[in-house]
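**Q** what would the 3D arrangement of this be:
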Amino acid sequence: MTEIDPRNLRIKKNVSLDGIFFCLARVPATERLYYGCSDFGVYELDLGLEKPEPQIFSGETHQSYVTGIALAGENLVSGSYDGRLIWWNRETRESVRDVTAHDKWIRSVVASPDGRLVASVADDMQCKIWNAESGELVFTLSDHNAETPHHYPSMLYTCGFSRDGNLLATADKVGHIVIWNVATGEKISDLEAPVMYTWDPRQRRHSIGGIRSVAFSNDQKLLAVGGIGTIGNIDHLGGPSRIEVFDWESRNRLHEISDDKYKGLVEQLAFSPDDSWFVSAGGDNSGFVSCYETATGKLIHQDKAPMHVHALEADDAFESFVTVGHGRIVSWELTPMPPKQA
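**A** Below you'll find the predicted structure:
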């Protein structure tokens, strides 16, 4: 058998398109993907074609940026700054259900691994869990404060299911992390990553940062969170990209990873199938894809991306990634190591 080596990461295809792409859902075992755009549209694209052409979805469409998208079985669900979730027919590319889900901007939409549930988080500081098939609300989860410690509105940026779908993590602007029992809607534990929140009390009286990505390891023992470290100039994303890894049950922080070479927000995290390493992606004016060893937190490999990366999704074997962001959709491949000789 061959082993995947993250040091062999390289760009396979680079597609330039108009717009900013905030979210991504990939059809398993294909090169088809769905993404949400700054032009308020939901699109399908087949990267397997020689000249991929975006196909827009129609019907009842969003009225603002599309910031979350989830493929839950046969259901495709998108969320937007307009506070709505829209269910789409993937074959006709038409909307079939429209739900007013949140009172403020939706920041992320994710599906449980079995496709039965969809979770959405928004700046009303609530996480809502939905039945993917019926669109019915299952739980509303609330443990994030509406205001920062400096009495300004906070944001609830991200959420993520564990591999077995039994756990859900949510994380906000000030670095507050909550782990939930998906079956009961009860809070299990919480963690704090306050370094990812920067407050400027003098020049701007403004804050920036926040946790933008969460990922459970496949054995569900670890939780990685990504964002940005302390920022000197809050008018820009000029701070180090930052990752913290927790043994969430013991609440022990195992790694604090700060990168001054590739600065900006860590927008996406994902663990390899055997949990031996994990990948992160994000950026400031430009972008990056970085791979780290799980046991030590040491950098294995790093590449500059041709754009700020907002979303990354790997295939099941972790042999390829797709990233979307500012004006580009990029596929990456990991060249396998040759088999070891007996």
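**Q** okay, which residue is most central for the protein?
**A** Residue closest to the mean C-alpha point of the chain, counted by CA atoms, centre = their mean, is Gln268 at 4.4 Å.
**Q** packing partners of the longest strand anywhere in the chain?
**A** Counting residues, the longest strand found in the chain (DSSP state E) is strand 3-26. If contacts are counted by 3 or more CB pairs under 8 Å, 6 or more residues apart in numbering; DSSP states H and E, strand 3-26 sits against strand 32-37, strand 66-72, strand 106-111, strand 287-293, strand 299-305, strand 309-314, strand 320-337. Using the backbone N, CA and C atoms, a C-beta is placed for each residue, glycine as well.
**Q** grab the CA positions of the first one and hand them over as CSV.
**A** The C-alpha atoms that make up strand 32-37 are tabulated as CSV, following Å, rounded to 0.1, in the frame of the first residue of the first chain:
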residue,chain,number,x,y,z
ARG,A,32,-18.2,18.0,-8.6
LEU,A,33,-18.6,20.7,-6.0
TYR,A,34,-21.1,23.4,-4.8
TYR,A,35,-20.1,26.8,-3.5
GLY,A,36,-21.6,30.1,-2.3
CYS,A,37,-20.6,33.4,-3.6
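**Q** in it, what's buried?
**A** Neighbour counts over strand 32-37 (16 or more other CB atoms under 10 Å) mark Arg32, Leu33, Tyr34, Tyr35, Gly36, Cys37 as buried.
**Q** what's the following helix or strand after that strand?
**A** As assigned by DSSP states H and E, the chain's next helix or strand after strand 32-37 is strand 42-46.
**Q** list the buried residues of that next one.
**A** Buried positions in strand 42-46, judged by neighbour count with 16+ other CB under 10 Å: Val42, Tyr43, Glu44, Leu45.
**Q** ditto for stretch 135-145
**A** Applying 16+ other CB under 10 Å to stretch 135-145 flags Gly135, Val138, Phe139, Leu141, Ser142, Asp143, His144 as buried.
**Q** what's it in contact with?
**A** 85, 87, 97, 99, 117, 125-131, 154, 156, 168, 170, 172, 174, 176, 178, 180, 185, 187, 190 (CB atoms under 8 Å, 6 or more residues apart in numbering).
**Q** just the residues you listed: which are in strands?
**A** Short answer: these in strands (DSSP E) are 85, 87, 97, 99, 117, 127-131, 156, 168, 170, 172, 176, 178, 180, 187, 190.
**Q** Ser241 bridge partners, please.
**A** Applying DSSP bridges to Ser241 gives these bridge partners: Ile228, Asp259.
**Q** got a list of what it touches?
**A** Counting by CB under 8 Å, 6+ apart, Ser241 touches 226, 228-229, 258-259, 262-266, 280, 282, 288, 290.
**Q** burial of Glu31, as a residue count?
**A** A count of nearby residues for Glu31, using other CB atoms under 10 Å, gives 18.
**Q** I meant Glu186, not that one.
**A** 10.
**Q** now it: closest residue in space, sequence neighbours ignored.
**A** Ranked by CB to CB, 6 or more residues apart in numbering and with sequence neighbours excluded, the top spatial neighbour of Glu186 is Trp180, at 7.0 Å.
**Q** and what of Gln55?
**A** Glu44 (4.6 Å).
**Q** surely that neighbour meets Thr30?
**A** No - proximity of Glu44 to Thr30 does not meet the contact threshold set by CB atoms under 8 Å, at 11.0 Å.
**Q** about what we covered before: and Glu244, which of the helices and strands packed on strand 3-26 is closest to it?
**A** Closest approach to Glu244 among the helices and strands packed on strand 3-26 is made by strand 287-293 (11.8 Å; CB to CB).
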